[in-house]
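>>> pasting the structure only:
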């Protein structure tokens, strides 16, 4: 069904595949950039992954203004403010972010501070409230497949003073260019690969069931689910398979486009809270909470779950399932995938296995209720319903 | 709602101003009558100012939580900690008149939010309660996520619109009522 009204934007130019990074000189010239700041972390330099980007930059007309490699695993508002300060001091004219979701979101935070001449990123919290063109050219080069941040209009950055994750959402956060080069995709341990793939799957499935779901975001979500179903087992079993890693990176990107335009819901709200309160890794929180969130939403969006069953379980499974049971079958397909990943990688299936204790559930539920993602969920749970869902996942 | 000439637009803005006046008083009235609203407002930072604005120049309505008091500031221009802006009067009216839920308006990009989205979520829960007092049941059944759960009658709520201030209580643990 077509929504009464929807909006969709994906203006990011996408470069994917062999020798993609060698196009960076052309892209910088096209953007009119001559002094990019390279944002990354120490580990990626040590692994010689960020170095590949620096090598590619040597063969361009641009000269690197500086390399900022102090982005922590869980970046913060303070780091984004600091990057903006360094950008100004070095007279840079673009940001090239090389890394995972933390690095990319830090870059987005810095572009907000720079574009709006803000003293702190916190001055610009909100949703769709950033107006005016972004004044900073921005190239995103993901080194992991999961967040899809290279094509999303959202950034989640920690406010260490309040011990809370702060959301920023604006189309002006979309990077100008996203580069997926298989050589830059970090080979990860199987459990981490599984968790990040499930993060992308959660983006795709929640985008389909959220209030902002629309025909275009649905297309990206289904294509992402197709790739995740096919390539997650391969990548887990053969971490050296670069083409499978690139396929998963493309899946994460497509899921990113989907949720950037349709947003996410209850699974992310609970996962953000579990991460903030109990330190559950984001991808693992998404994985273990996804079937529970889907079960809660089933009576409202069972038809939408049914529509993605061919992508989740294959067309034969879809054809063999009676229409009324297809929504539940989609949830069962997610559980089957989780079970397989648990067997092969040790991915936790419960909050308890991920380190959450029963006495933490009430606070996780209270925080989840206030998470902005909850507003886009198709159903609005009560505090008691959230406690029940979380206890079911314990 | 069809695109309109300036006379119709002006009429719609006048209507929106009246509805925002009622909404402004309605939040205060609901805080006086319903502890769920008092609980929500008491969780906001102190002091804290919330505004609804219809772009680009108004009408608008604002509230200030300061210490243990929630005050409706009416249509005066103030610096807001949380600013909810409808993109035009034409897209604001369906949400303000109960033809569309506030979450659906948000999902359809009809409004923007500047400020802490955590407080924004609390404000949405408050508005759902306020709509329960201001709108008849056949409207709230369509736009609210669950039954309004009024503690007092519509009549009492409308009577309470004469007030511009409400006392709120200190923050407590969430209960079934506060989370509804």
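Yes, it's here. Small disclaimer: the values here were computed from a predicted structure and weren't measured.
>>> where in chain A is pLDDT low?
By pLDDT under 70, the low-scoring segments of chain A are A:163.
>>> Contact residues of it facing chain B?
Within chain A, the residues that sit near chain B (C-beta under 8 Å from any C-beta of the partner chain) are A:3-7, A:124-129, A:164, A:166-167, A:210-212, A:263, A:366, A:369-372, A:374-376, A:379-380, A:382-384, A:386. The C-beta positions use only the backbone N, C-alpha and C, and glycine is treated the same way.
>>> Going through those, which ones are buried?
A:6, A:124-129, A:164, A:166-167, A:210-212, A:263, A:366, A:369-372, A:374-376, A:379-380, A:382-383, A:386 (16 or more other C-beta atoms under 10 Å in any protein chain shown).
>>> Out of those, list just those in strands.
Among those, the ones falling in strands (DSSP state E) are A:126, A:127, A:164, A:166, A:167.
>>> Give me the spatial nearest neighbour of the fourth one, chain neighbours excluded.
Meaning residue A:166. Leaving out its chain neighbours, the residue that sits closest to residue A:166 by C-beta to C-beta, 6 or more residues apart in numbering or on different chains is residue A:159, at 4.9 Å.
>>> and if you look at the first one?
Nearest residue to residue A:126 in three dimensions, chain neighbours excluded: residue B:114, at 4.1 Å (C-beta to C-beta, 6+ apart).
>>> Touching, the one you found and residue A:125? I think so.
Yes: if you go by C-beta atoms under 8 Å, residue B:114 and residue A:125 touch, sitting 7.4 Å apart.
>>> Figure out the helix or strand that residue A:223 lives in.
Following DSSP states H and E, one finds residue A:223 within helix A:215-237.
>>> So which elements touch that helix?
Packing partners of helix A:215-237 (3 or more C-beta pairs under 8 Å, 6 or more residues apart in numbering or on different chains; DSSP states H and E): helix A:190-209, helix A:242-262, helix A:309-313, helix A:326-345.
>>> nearest to residue A:34, of the ones you listed?
Among those, helix A:242-262 comes nearest to residue A:34, with 27.8 Å by C-beta to C-beta.
>>> Same question for that closest one: list its buried residues.
For helix A:242-262, the neighbour count (16+ other C-beta under 10 Å) marks A:242, A:244-262 as buried.
>>> quick one, longest helix in chain A?
When chain A is parsed with DSSP state H, its longest helix is helix A:282-307.
>>> what do you get for chain B?
Across chain B, the longest stretch assigned as helix under DSSP H is helix B:6-33.
>>> Report the distance from that helix to the chain centre.
On the basis of C-alpha atoms, centre = their mean, to the nearest Å, helix B:6-33 is displaced by 10 Å from the centre of the chain it belongs to.
>>> How about stretch B:36-49?
Mean-position distance between stretch B:36-49 and its chain equals 13 Å (C-alpha atoms, centre = their mean).
>>> List of residues touching the helix or strand where residue B:83 lies?
According to DSSP H and E, residue B:83 maps onto strand B:82-86. Strand B:82-86 has contacts (C-beta atoms under 8 Å, 6 or more residues apart in numbering or on different chains) with A:129, B:48-55, B:92, B:95, B:105, B:110-116, B:119-120, B:123.
>>> Go through those residues and flag which are in strands.
B:48, B:49, B:50, B:51, B:52, B:53, B:54, B:111, B:112, B:113, B:114.
>>> The residue lying closest to the third one once chain neighbours are set aside: neighbour count?
Using C-beta to C-beta, 6+ apart and skipping the chain neighbours, the partner closest in space to residue B:50 is residue B:82 (4.6 Å). The number of residues packed around residue B:82, counting by other C-beta atoms under 10 Å in any protein chain shown, is 25.
>>> most centrally placed residue in chain B?
The centroid of chain B falls nearest to residue B:127 when counting by C-alpha atoms, centre = their mean (4.5 Å).
>>> relative orientation of the one helix or strand that residue maps to and strand B:82-86 in degrees?
Per DSSP H and E: residue B:127 is located in helix B:117-134. Interaxial angle, helix B:117-134 versus strand B:82-86 (axes from the mean of the first three to the mean of the last three C-alpha atoms, to 10 degrees): 60 degrees.
>>> What residues sit buried inside the helix or strand that helix B:117-134 is followed by?
Note on helix B:117-134: by DSSP H and E, the next helix or strand toward the C-terminus is helix B:137-143. Using 16+ other C-beta under 10 Å as the test for burial, helix B:137-143 gives B:139, B:140, B:143.
>>> Next: stretch A:123-142.
By neighbour count on 16+ other C-beta under 10 Å, the buried set for stretch A:123-142 is A:124-130, A:134, A:136-142.
>>> Do me a favour and get the end-to-end distance for it?
End-to-end distance for stretch A:123-142, by C-alpha to C-alpha, to the nearest Å: 27 Å.
>>> One more: stretch B:49-67?
End-to-end distance for stretch B:49-67, by C-alpha to C-alpha: 12 Å.
>>> got a list of contacts for that stretch?
With contact meaning C-beta under 8 Å, 6+ apart, stretch B:49-67 is reached by B:13, B:16-17, B:20-21, B:23-24, B:27-28, B:41-42, B:44-48, B:70-89, B:92, B:119, B:123, B:168.
>>> pLDDT on it, on average?
On average, the pLDDT along stretch B:49-67 is 93.
>>> Might you calculate how far it sits from the centre of the chain?
Here the centre of stretch B:49-67 is set off from its chain's centre by 10 Å, with C-alpha atoms, centre = their mean.
>>> Show me what the longest helix of chain A is packed up against.
Using 3+ C-beta pairs under 8 Å, 6+ apart: helix A:282-307 touches helix A:190-209, helix A:266-278, helix A:326-345, helix A:383-392.
>>> Tell me how far residue A:158 lies from residue A:203.
Taking C-beta to C-beta, to the nearest Å as the measure, residue A:158 falls 20 Å from residue A:203.
>>> Show me which of those two is the more surrounded one.
Between residue A:158 and residue A:203, counted using other C-beta under 10 Å, the more crowded position is residue A:203 (33 against 21).
>>> Any chance of a markdown table for the helices and strands packed on helix A:215-237, columns distance to residue A:292?
What follows is the helices and strands packed on helix A:215-237, written out as a markdown table (distance: least, C-beta to C-beta, whole Å):
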| stretch | distance to residue A:292 |
| --- | --- |
| helix A:190-209 | 12 |
| helix A:242-262 | 19 |
| helix A:309-313 | 16 |
| helix A:326-345 | 9 |
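>>> closest one to residue A:30 among the ones you listed?
helix A:242-262 (20.2 Å).
>>> and that closest one, how far from the chain's centre?
For helix A:242-262, the distance to the chain centre is 9 Å (C-alpha atoms, centre = their mean).
>>> go on, stretch A:369-380?
Distance, stretch centre to chain centre, for stretch A:369-380: 18 Å (C-alpha atoms, centre = their mean).
>>> Perfect, that will be all.
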